[in-house]
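Peer 1: Structure for this input, please:
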Amino acid sequence: MLIRTETFSAIKPLWEDALILTGVLICCRALTERFKPGNVQALDWLVAGLFLCTAALSLILYQSVRLETLSILVGTASLILISLWRVKSLKKTASDKIFIAAFIIIASSIIFQCIFYLSSNDIEGPIGSWSNSFPGVMVQYTGLFGGVLTTFAIVIAAGVDAIHHYRELAHTDPLTQVRNRRGMQAFISSVHLDQGAREPVTIVLADIDHFKMVNDRFGHHAGDMIIVDFAQLLQKWAGRGSCVARLGGEEFAILLPGTSMHIGVTLIEALRLEFASRKWPHISAHLHLTASFGLTTLEQGEPFNSAIARADTNLYKAKQRGRDRLVEDKAA
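Peer 2: Residues are numbered from 1 along each chain as shown. This next block holds a predicted model:
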């Protein structure tokens, strides 16, 4: 389609058309792969094949570069729009939005060309000189623009992904994959808890009882397995929209926005009983573990550090009163 030929031949332009559609198909596949890995889309190949056949008929039956070009443009736009439609309702990261914006811009420019082709009457010209005509130059520069835009989108998205990845590493405890102290602070800032609560917020500090004994008797590998299991249990009971963070060793924090004192106590009591009832046959048939909890609520306008200090005091009281219990207290 873009290579000049002295005599008419359908082979070269159709080969170029196939390469163009294949390139667009690969780009569209890369977009959807970010959201649905491994999901093969037969529709894409069907659409590409359909418009390639249309381009072939335009050249072979009508010897019309105009119809051939319009077929490839419509096919290209269709592939991009199908991909955008597939991902429109899925959750998107910042880098995903960069890719989608680039695809929307490219699709818009192609649709504009289709409208131009449909509204213009005298753009056919000799087949051999098509690449030097205004429509031919416009198609070539659009392809160049799309390639450059896609390249920049890939570079920017890769940078955003890298920043997000390293931020996640900095905010995540490597053993349990829950948040660490820095991650908890980021959560506090993201929901504005550092500025005081606008709704009930339950704060819990949890600590596995006699954990040093586990490390001494069964080794640190067994201790790590217990810590990971405990973190998973905390996440299960905390639910979505909450924050579970490992503060160090066997101590964890749980932040429950939108959870009242009464609901928080009920939830943590159920969590405590489930952990106490667990068996550890892969470590020892006779091993019995419990955990202690200190719970409080963040009051409106109260500094977060004040509330978590109170939860820490309640955790200390739970340890002093024999462990395997929950101690709660409201702020004055």
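Peer 1: Grab the nearest non-local neighbour of residue 170.
Peer 2: In space, and not counting its chain neighbours, residue 170 is closest to residue 182: 6.0 Å by Cβ to Cβ, 6 or more residues apart in numbering. For every residue, glycine as well, the C-beta is placed using N, CA and C.
Peer 1: got a pLDDT number for the one you found?
Peer 2: Here, the pLDDT recorded for residue 182 equals 94.
Peer 1: and what of residue 26?
Peer 2: pLDDT, read off for residue 26, is 88.
Peer 1: Over to residue 331?
Peer 2: At residue 331, the pLDDT recorded in the model is 46.
Peer 1: domains of the chain?
Peer 2: Domains of the chain are assigned by automatic domain parsing as 11-170, 181-329.
Peer 1: Could you tell me the least trusted of the ones you listed?
Peer 2: Among the domains of the chain, domain 11-170 carries the lowest mean pLDDT, a mean of 80.
Peer 1: quick revisit: adding mean neighbour count, write the domains of the chain out as TSV.
Peer 2: Below are those laid out as TSV (neighbours: other Cβ atoms under 10 Å):
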stretch	mean neighbour count
domain 11-170	16
domain 181-329	17
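Peer 1: residue contacts, the residue nearest the centre of the chain?
Peer 2: Most central in the chain under Cα atoms, centre = their mean is residue 93, positioned 5.1 Å from the mean C-alpha point. Residues near residue 93 by Cβ atoms under 8 Å, 6 or more residues apart in numbering: 160, 161, 164.
Peer 1: any idea which element the second one lies in?
Peer 2: Okay, so that is residue 161. In the assignment (DSSP states H and E), residue 161 maps to helix 134-171.
Peer 1: any idea which helix or strand comes after that helix?
Peer 2: Following helix 134-171 toward the C-terminus (DSSP H and E): helix 181-190.
Peer 1: I'd say residue 145 and residue 109 touch.
Peer 2: Yes - at 6.9 Å, residue 145 and residue 109 qualify as touching, with contact defined as Cβ atoms under 8 Å.
Peer 1: Phi first, then psi, for residue 247.
Peer 2: phi -90, psi -20 (degrees, to the nearest 10).
Peer 1: roughly how far out does stretch 142-153 sit from the chain middle?
Peer 2: Stretch 142-153 sits 24 Å away from the centroid of its parent chain (Cα atoms, centre = their mean, to the nearest Å).
Peer 1: Go ahead and name everything in contact with that stretch.
Peer 2: By Cβ under 8 Å, 6+ apart, stretch 142-153 touches 20, 27, 98, 99, 101, 102, 105, 106, 109, 110, 113.
Peer 1: Tabulate the CA atom coordinates of that stretch in PDB.
Peer 2: Once non-C-alpha atoms are left out, stretch 142-153 reads as follows in PDB (Å, rounded to 0.1, in the frame of the first residue of the first chain):
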ATOM      1  CA  THR A 142      -0.400   8.900  10.800                       C
ATOM      2  CA  GLY A 143       1.400   5.500  11.000                       C
ATOM      3  CA  LEU A 144       4.600   7.400  12.100                       C
ATOM      4  CA  PHE A 145       2.700   9.400  14.600                       C
ATOM      5  CA  GLY A 146       1.000   6.300  16.000                       C
ATOM      6  CA  GLY A 147       4.400   4.500  16.300                       C
ATOM      7  CA  VAL A 148       6.000   7.400  18.100                       C
ATOM      8  CA  LEU A 149       3.100   7.900  20.400                       C
ATOM      9  CA  THR A 150       2.900   4.200  21.300                       C
ATOM     10  CA  THR A 151       6.700   4.200  22.000                       C
ATOM     11  CA  PHE A 152       6.400   7.200  24.300                       C
ATOM     12  CA  ALA A 153       3.400   5.600  26.000                       C
END
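Peer 1: let's have the chain start at 54 instead
Peer 2: In the new count, where the first residue is 54, that last one comes out as stretch 195-206.
Peer 1: can you map out the helices along this structure?
Peer 2: For the chain, applying DSSP state H gives helices covering 64-86, 95-113, 118-140, 147-172, 187-224, 234-243, 264-271, 273-291, 314-329, 357-373.
Peer 1: The second one packs against which elements?
Peer 2: Which is helix 95-113. Contacting helix 95-113 under the criterion 3 or more Cβ pairs under 8 Å, 6 or more residues apart in numbering; DSSP states H and E are the following elements: helix 64-86, helix 118-140.
Peer 1: what's the angle between it and helix 64-86?
Peer 2: Orientation of helix 95-113 against helix 64-86 (axes from the mean of the first three to the mean of the last three Cα atoms, to 10 degrees) gives an angle of 160 degrees.
Peer 1: Provide the contact partners of helix 95-113 at residue level.
Peer 2: So helix 95-113 is contacted by 63, 66-67, 70-71, 74-75, 77-78, 81-82, 117-121, 123-125, 127-128, 131-132, 135-136 (Cβ under 8 Å, 6+ apart).
Peer 1: now that helix and helix 118-140, what's the angle there?
Peer 2: Going by the same axes, to 10 degrees, helix 95-113 makes 170 degrees with helix 118-140.
Peer 1: How much space separates residue 272 from residue 228?
Peer 2: Remark: distance between residue 272 and residue 228 (Cβ to Cβ, to the nearest Å) = 15 Å.
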